[in-house]
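> Sequence and predicted model, in that order:
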Amino acid sequence: MSKILMKGAEAVGEAAIRAGCISYFCYPITPQSEVAEYLSKRLPEVGGTFVQAESEVAASQMVYGAAGAGVRIMTTSSSPGISLMTEGISYIAGAELPAVFVNIVRGGPGLGGILPSQADYFQATKGGGHGDYRFLAIAPASVQEMVEWVMRAFPLAEKYRNPVMVVGDGLLAQMMEPVDFGCVEPTPQIDVESWATTGCKDRPANLINSLFLDPLKLEEFNWKLKAKYEAMEAEIAYEEYKMDDCEMFVVAYGTTSRVVRTAINALREEGYKIGMFRPITIFPFPQKAMRAYGENPRVKSVAVVEMSNGQMLEDVKWAVLEKKPVEFFARNGGIVPNPHETMEFLRKSYEKHGGTK
Amino acid sequence: MSKILMKGAEAVGEAAIRAGCISYFCYPITPQSEVAEYLSKRLPEVGGTFVQAESEVAASQMVYGAAGAGVRIMTTSSSPGISLMTEGISYIAGAELPAVFVNIVRGGPGLGGILPSQADYFQATKGGGHGDYRFLAIAPASVQEMVEWVMRAFPLAEKYRNPVMVVGDGLLAQMMEPVDFGCVEPTPQIDVESWATTGCKDRPANLINSLFLDPLKLEEFNWKLKAKYEAMEAEIAYEEYKMDDCEMFVVAYGTTSRVVRTAINALREEGYKIGMFRPITIFPFPQKAMRAYGENPRVKSVAVVEMSNGQMLEDVKWAVLEKKPVEFFARNGGIVPNPHETMEFLRKSYEKHGGTK
Amino acid sequence: MKTIFSRPRAMTETITHYCPGCTHGTAHRLVAEVIDELGLRESTVGVAPVGCSVLLYNYMDTDMHQAAHGRAPAVATGIKRTRPNLTVYTYQGDGDLASIGMAEIIHAANRGEKITVVFINNAIYGMTGGQMAPTTMPGQRTTTSPAGRDVDNVGYPIRVAELLSTLRTPSYVVRGSLHTPHNIIEAKKAIRQAFQYQVDGTCFSFVELLSICPTNWGITPVKSNEWLEKNMLPYYPLGVYKTPEEN
Amino acid sequence: MKTIFSRPRAMTETITHYCPGCTHGTAHRLVAEVIDELGLRESTVGVAPVGCSVLLYNYMDTDMHQAAHGRAPAVATGIKRTRPNLTVYTYQGDGDLASIGMAEIIHAANRGEKITVVFINNAIYGMTGGQMAPTTMPGQRTTTSPAGRDVDNVGYPIRVAELLSTLRTPSYVVRGSLHTPHNIIEAKKAIRQAFQYQVDGTCFSFVELLSICPTNWGITPVKSNEWLEKNMLPYYPLGVYKTPEEN
Amino acid sequence: MPSVKIDKDRCKGCEHCVTACPRGVLEMSKDINVKGYFYSTPVNPHKCIGCTLCGVVCPDLAITVSVHGTQYKYFNY
Amino acid sequence: MPSVKIDKDRCKGCEHCVTACPRGVLEMSKDINVKGYFYSTPVNPHKCIGCTLCGVVCPDLAITVSVHGTQYKYFNY
Amino acid sequence: MEREVTFAGFGGQGVMTVGKFLAQGAMNKGMEVAWVPSYGPEMRGGTAYCTVVIADEPVGSPIVRNPETAVVMNRPSLDKFGPEVKPGGCLIINSSLIDVTTDRQDILVVTVPCNQISMEVTGTGRSANIAALGAYAGAVPVVDFASIEDVVKTKFAKKPKVLEDNMAILQKGYEIGRSAREAWDAGKGA
Amino acid sequence: MEREVTFAGFGGQGVMTVGKFLAQGAMNKGMEVAWVPSYGPEMRGGTAYCTVVIADEPVGSPIVRNPETAVVMNRPSLDKFGPEVKPGGCLIINSSLIDVTTDRQDILVVTVPCNQISMEVTGTGRSANIAALGAYAGAVPVVDFASIEDVVKTKFAKKPKVLEDNMAILQKGYEIGRSAREAWDAGKGA
Ligand SMILES: Cc1ncc(C[n+]2csc(CCOP(=O)(O)OP(=O)(O)O)c2C)c(N)n1
Ligand SMILES: Cc1ncc(C[n+]2csc(CCOP(=O)(O)OP(=O)(O)O)c2C)c(N)n1
Ligand code: SF4
Ligand code: SF4
Ligand code: SF4
Ligand code: SF4
Ligand code: SF4
Ligand code: SF4
Ligand SMILES: [Mg+2]
Ligand SMILES: [Mg+2]
């Protein structure tokens, strides 16, 4: 397969189509309106459905309807828009429907800014909306990975009959990189006839619903959900980068992991034994694997680099049970840390905790 | 002060008035519409403002406007309604405005049910909306405490210029208990002239805003917020119940803490040395104090009782660094655990980890 | 013996949870009868709102989708756009449709979604215990307008049929009532016409039905019919407000 | 030397971020002039939307409140209801007001909030780069209607002034335009009347202003004026749609 | 000959049918049904003309109308 | 006598004023200003009748109109 | 000390109200109380019930699986709550609407023709709930009867006729309850 | 190997486009690339820029504080990016619109009258960006010039006249860049 140079946002749109999702509901918001712009042109070409909704609230409910009708469906938005979708996402989880959400995170809170950020980590990993629901939250780090994970998100959503969220940021959505759409095999859609609203011909009527009048039934349903969310641990994905001999490891995901990688490469030349543990699924969080590294006596310290006030930081602290000091470096509000300042931070942290060279 | 027998939801309304909040915007939702019903009658009597908004989205934005105008303001809702307010709450936090939110949590996800639940713990403590914001989240356990914390919530919101959320559930809102409104002294409102939209007579114009064009400014603002949220640790509140000699302690908040208290009382008579650590502020979480108990060699195990799939459980595990086994018991979907089953769970957990009698 | 009136096929036998006399049940039956008559039971998806009729799905023997409060038109859009061969209708109360769901109903109508909306206007929030709705009558007492709806403070009731009929996009907009046999018969005709337009792919169709809520109005069902006639009818005139042919 | 035309007091000196010729600047000035003329600068709160005019607060020398996308009328309600002595207005684009904010504008109007709404209809989402708005003209190309707005698929443009004027609650609803000096002069009169109604405590007031977006329309400012006249004016007739006296 | 049948345990006693019947066929019983409602019952069954208006107004699907022989259709419904 | 003044660095070169002026007073300069725009400039200042229409259409507060002596008011604005 | 009573019936029978009266009476006597309603979907047309917990220290769990007493005003309530009464407890049955009883021997069963009592005094069954409250006060003397009487007096202070009727109904219920309790205690004593 | 170039100018000068052309050219030669635009509020009326990172292994951080090369098309861009060029790097200045230069001695400075070149060929300044791209390709030969030519050919394949003009402009820029590089290298060699 030959590579195409493509903007992240457009690649997300194309990836959905390649994955067999030819329906898309959205509301424009920077820095990802290009997904909508791209699909408004492309979907009619493939006989698909493009609707610009009146709001993110409505877009999420259109997704709810389409997911209930058993078609592959995606919406994309950015931080404030995702907040408006939280009720809808809770309903979709509560009705056990597959749907793909993409959040291109921007600086917050409130109107904030439109530049890259990772400040929606809590929202993506702890729910955002009401009730006991969770979803696979996946954080790619390049346009290529974004394509791959969007394509994988559909079968994953169907496997668990649950929303899946791909979490990016303005950098990943706005930059162009070469992409190869061929490297993920599209999967056929699961059979939906047993539960979707396709018309009750030759079968009993189906119902899409999240209401339970009987609290015992709702409780039972919640235990079922819990088991499902625990089963999602099978999907835990992470990358280990130069972890073999590291005396300090950095935890970073998405865009910051690229910066950390560059920094580590440079620091390795200076003799610093630093590795990177990059969560790819940020929910479920790769707690077990990370804990093992945290318990490794060779490792003297842990560092977290994030574009937020320290959200993943909490998961890391829990994961390593604070058995090693956890240092933290962040840029926020739309600023991507640059390799220089990252290196400086890493050097300091490394030396502070007695790393050898 | 003599006591009045009052329904929790109505007591919340009266508490707001006693605290000097005579403006209220809302949208009805079970199990807390009685706050609105009560205030629609009471507020006109005290010259206040009652508006039933078209939705929770609008209600939260009316709160945003009123808070910006520098008046004491409250809204109340329940789970799905709070999800619809997350964008608004993020804006209010981003504009640094004081406002009081009450969430009477019901079973979820989706439409779920209307019976008591604690499944919005994550939403209340990790944000819900987008961006790096946090707020004081307070979980009273009786109608009296609900009154007290609603009254204290206003000065706290003003102290930090930040939303404060009081988290209850259908039981606390629907039950009647004796209340004494006199036990919290109303505080005068802070001076708002320097920032509120009161008309720019004899002063430069004020601006309520959360947009930052310059990412460096937004970053600086985020650091400021971070410092503020850290300062809120001064407000950490929790109750220790029979912790002095305990070999196991139970962590429970709100309604479940009442059940646990009853269970402990009964078990103490059977010789079980069980105590309860009850977080009153669920954000900030009383991590330090709990950790100290977790490290106490006398304590052999920890138990968590929650009406959710284990949300606070995660905070507890982190708090005690899993140094002691953490047992978990929950009812969900609207069911309040009864003392019998709670006792059974506690007995088992206690014995499993070698508690002495 | 030939049965000339009985339960329509598109309904289940389940006894509804509605209060005695509540015309939600009547409206359900009319919709089901139309679905039967047009032969649509096996290709219909009903979208239930949040409101007293939230359990509509228990009573209809068709595929059903329960929506979030106010968002049924968006949910229906999601279904109809992705499965255009289905017949999709929403069934919504006045709090649901005219308050929280105002943006969704206007935009679904304006986009010309080929769906049918059955709108039950009972001038109150039934399910949550009788709070004021956008459609509550001037002076009407509700739990959140204890002194009666004060139009100087909260404005006049919203007339949704009139509002939607001003949109330029072709549609079928009609208002009927459920308080007398005659009106019920007329209402059914309107519902049938509405579904027919959808089946023909013509346009968005909207049927508002004036309805009673004896429980929250605090009077008997029979008195409720009278109250509706006296108070609601003059403010909410019945009739066809818009047809797609007009355009 | 006497100055007969210059910057109004209620505006700051800050140079706007608008594209050359964008009539947002003109509308700002008209509002500021009216505020000056009615002596309201020190008792006014402006509510800025999300849209190109999000930075309105930098240009107005009055207290300002930046609202969430589409929710300015709710924010204004919160301010006005709790501080009724202030003059509160919102300034909103067509994406903001007519798409995501549809429920809020209808309900604020219907409750009869004593606020003023200045509505800039430029038939497009300016700020986010030219996506289709509910007000986009039939056939108009935008970044999300690359083949031109297809009314069969997404419906006709929404005429907000007409829509609001059908509500029963008394209000002042008018549509003007900013594409010629004459129209600008008329627009200002309308804005003044709107504020006057608010100051008098009479009613909700709403001024729609047809406006240009040369950048996203892809033509020069002068050509944009012509395009507006030719394409928008016939569909969006100017005039007073409703006055409180009518009722 | 038309005949009206009321499923007494579905009836909620709203009296819509009693009011609707043009022939005074129906009245409310003095007994209550399983749900505790006074239910509607045909007290003058012979008067029934099979117009089905009682069924049309019944919100609870409690009414069935049947006929022997041909039946005049009173309205298009 | 009326006189029109254009703050060239506020001007964004939209030409609204040029089109609006009934007297052909204004034209676009051949130079650019600090922001890189060709700005409007009074090429026939003596023709100005002080109608202020240029100011009315200018979105950027770039125009000031002044007079010596009395000035006929062309419209209520 | 912690005593619980559940009042149950169908919506409109006023079980919530008498529960509140009892709670108020107990509170006025300086006791700790909690009144917990059933709420939820079953409200519409279905059964309604409330539980009153009376204690001498702050009420812990207000969620009671086995109340000491149940007052059942209709048949579904008897079916639901009859079996749940704590052994040694008390079950008060509105015999006007419930034509069966329980076969439980381990509790005091009081049958009270509540609607009939109300009917006799007022001509309608509307105050049946007050009769039930009276019966409870007689059979399970947790709260001073005078204190309950005071509550009723306060609540109906503005309607003298209604007050008078209700006081009479309350009294009648009370008598039935008290004599049942006395007989039971005597029986046990025997 | 990792090489970075920032193209900067005001909106409409086509700096984004030539950045893409370069990235495409590099990709076609099998190199790893990332094209990163500025986006955000400054877009409206303000300056725009993009950075292209070209490397032989996957691009790590695409956020570059000090690019190897900056191509500045207007004065504000010179002010912003001139000082940031890495020592030893290269700065390409559109002398048609920028009448000053830099005093940095540690970098190769190439002044190219981009608008003028475009004007000479097409009669408008619209293809000034192509001249700048050519100059970059000449002065900083990271990507084969032929590969860049190919991209331009593909992009304008449907408009022969435009293609022809652009190829000429590209060539002129390239010449200027190349001879500047040669002179600089010679100077260093000396
Ligand atoms: C987001 C959200 N807000 C509020 C509610 C609570 N709620 C449920 S139904 C309802 C109003 C129902 O009134 P209406 O739509 O008129 O239906 P009716 O019951 O009268 O038929 C409300 C406010 C909810 N479930 N979800
Ligand atoms: C909740 C939310 N959704 C979407 C956006 C993105 N957004 C910003 S402005 C805008 C539309 C602006 O268009 P309009 O209101 O017509 O104003 P104009 O720029 O044309 O003046 C959108 C969709 C946002 N900021 N917040
Ligand atoms: S509350 Fe009103 S709308 Fe709801 S079921 Fe009862 S009568 Fe019908
Ligand atoms: S994009 Fe359009 S609306 Fe926005 S400033 Fe430019 S011309 Fe004005
Ligand atoms: S069918 Fe007609 S006549 Fe017969 S009982 Fe019914 S309403 Fe009366
Ligand atoms: S209309 Fe139906 S429910 Fe009502 S009384 Fe008659 S049979 Fe019973
Ligand atoms: S004041 Fe009138 S005549 Fe003078 S320049 Fe301006 S528009 Fe022309
Ligand atoms: S109208 Fe104003 S900005 Fe436009 S050209 Fe004239 S002076 Fe310049
Ligand atoms: Mg209703
Ligand atoms: Mg616009």
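On my side now, so go ahead. Ligands and ions are numbered 1, 2, ... in the order given.
> average pLDDT across stretch A:193-205?
For stretch A:193-205, mean pLDDT is 98.
> Quick one: check that stretch for contact with chain B.
No - legend: contact between stretch A:193-205 and chain B by Cβ under 8 Å from any Cβ of the partner chain is lacking; minimum distance shown is 15.2 Å. (C-beta placed from N, C-alpha, C; glycine too.)
> List of residues touching that stretch?
Contacts with stretch A:193-205, where a contact means Cβ atoms under 8 Å, 6 or more residues apart in numbering or on different chains, come from A:68-70, A:192, A:206, A:208, C:41-45, C:60-65, C:79, C:83, C:85-86.
> Could you list the residues of chain C in contact with chain B?
By Cβ under 8 Å from any Cβ, the residues of chain C that approach chain B are C:50, C:54, C:66, C:68-70, C:95, C:99-100, C:102, C:125, C:127-129, C:131-132, C:134, C:143-147, C:154.
> And for residue C:85, the neighbour number?
By the measure other Cβ atoms under 10 Å in any protein chain shown, the count of residues near residue C:85 is 8.
> can you list the weak-confidence ranges in chain G?
Scanning chain G with the threshold set as pLDDT under 70 gives G:40-46, G:189-190.
> Which helix or which strand is home to the nearest residue to residue E:58 once chain neighbours are set aside?
Using Cβ to Cβ, 6 or more residues apart in numbering or on different chains and skipping residues adjacent in sequence, the residue nearest residue E:58 is residue E:17, 5.4 Å away. Per DSSP states H and E, residue E:17 falls inside helix E:16-20.
> And the residues of chain C next to chain B, which of them are buried?
Among the residues of chain C next to chain B, those buried by neighbour count (16 or more other Cβ atoms under 10 Å in any protein chain shown) are C:50, C:54, C:66, C:68-70, C:95, C:99-100, C:102, C:125, C:127-129, C:131-132, C:134, C:143-145, C:154.
> related to what we said a few turns ago, hmm, the helix holding residue E:17 touching ligand 6?
Yes - under the criterion of Cβ under 6 Å from any ligand atom, ligand 6 is reached by helix E:16-20 at E:16, E:17.
> can you give me the helices for chain G?
G:15-28, G:75-81, G:114-122, G:128-139, G:145-155, G:160-189 (DSSP state H).
> can you check the stretch 1-150 of chain A too?
Ranges of helices in the stretch 1-150 of chain A, per DSSP state H, counting those that start in this stretch, are A:8-18, A:33-45, A:56-68, A:79-94, A:121-126, A:143-160.
> Give me whichever of those is most buried.
Highest mean neighbour count of the helices of the stretch 1-150 of chain A: helix A:56-68, a mean of 32 (counted as mean count of other Cβ atoms under 10 Å in any protein chain shown).
> For residue 62, list the residues it contacts.
Assuming you mean chain A. Residue A:62 touches A:25, A:51, A:53, A:75, C:74, C:75, C:77, C:78, C:81, counting by Cβ under 8 Å, 6+ apart.
> my bad, the chain I had in mind was chain E
With Cβ under 8 Å, 6+ apart, residue E:62 has these contacts: E:6, E:7, E:8, E:10, E:11, E:12, E:39, E:40.
> low-scoring stretches of chain C, by residue?
Short version for chain C, where the test is pLDDT under 70: C:247.
> Might you enumerate the residues of it proximal to ligand 1?
Proximity of chain C to ligand 1, by Cβ under 6 Å from any ligand atom, involves residues C:50-53, C:69, C:93-96, C:120, C:122, C:124-128, C:133.
> Tell me how many other residues surround the residue in the stretch 201-350 of chain A positioned nearest to ligand 6.
Ligand 6 sits closest to residue A:213 of the stretch 201-350 of chain A, with a gap of 22.2 Å, by Cβ to the nearest ligand atom. When neighbours are counted by other Cβ under 10 Å, residue A:213 registers 17.
> In chain E, what residue spans correspond to helices?
So, for chain E - with DSSP H - the helices run E:16-20, E:53-57.
> what about the last one and ligand 5, any contact?
Yes - counting by Cβ under 6 Å from any ligand atom, ligand 5 is contacted by helix E:53-57 at E:53, E:54.
> Tell me which residue lies nearest the centroid of chain C.
Of all residues in chain C, the one closest to the mean position by Cα atoms, centre = their mean is residue C:119, 1.9 Å from it.
> Report the secondary structure state of it.
strand (DSSP: H, G, I helix; E, B strand; the rest coil).
> who's in contact with the helix holding residue E:17?
Outside helix E:16-20, the residues touching it (Cβ under 8 Å, 6+ apart) are C:21, C:180-181, C:221-222, C:225, E:6, E:26-28, E:40, E:53-59, E:63.
> what about 6 Å?
If you take Cβ atoms under 6 Å, 6 or more residues apart in numbering or on different chains as the criterion, helix E:16-20 is touched by C:21, C:181, C:221, C:222, E:26, E:40, E:53, E:54, E:57, E:58.
> Thank you, goodbye.
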